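Student: Provide a 3D model corresponding to the input given below.
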Amino acid sequence: MNRAFRSLTLLLGLKQPKPYFPEEKQICVFNKRPILYRGFTPNSVQESINELQAHLQAQGILANISGKFDLETEEAVIEFQKKNNLQVDGIVGPLSWACLFYPKLYRV
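Tutor: Have a look, this model is predicted:
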């Protein structure tokens, strides 16, 4: 945002949405990975669940790869979200996927 727009926004008392990442670190992630949560395991997302579990296991957060988004996986996702300063909800959304694939990416 430019300086004039920020000043006008502050002057008018409009609130700006808080970005997830500071401007100098923003990225745009386009992917086909679905949002995953415990209990949602149709065949169409099996590969994504396997990929998620492999990443969590490689980081030492998940012990067993079950191929299902079970309670153990949800707990591992929650631990991963806490470690990466993400919203802790156990749901693997776009920001969680981004941090899994780009480990140097973080939320401040």
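
Student: Which residue comes closest to Val77 once chain neighbours are left out?
Tutor: Ranked by C-beta to C-beta, 6 or more residues apart in numbering and with sequence neighbours excluded, the top spatial neighbour of Val77 is Gly90, at 5.2 Å. The way it works is simple: take the backbone N, C-alpha and C, and place the C-beta from them, glycine included.

Student: show me what contacts that neighbour?
Tutor: By C-beta atoms under 8 Å, 6 or more residues apart in numbering, the residues touching Gly90 are Tyr37, Arg38, Glu74, Glu75, Val77, Ile78, Gln81.

Student: and of those residues, the nearest to Ala63?
Tutor: Each of the contacts of Gly90 was checked against Ala63 using C-beta to C-beta; the closest is Glu75, at 10.5 Å.

Student: how about the nearest residue to Ile61, chain neighbours excluded?
Tutor: Setting aside the residues directly before and after it, Ile61 is nearest to Ala76 in space (C-beta to C-beta, 6+ apart), at 4.5 Å.
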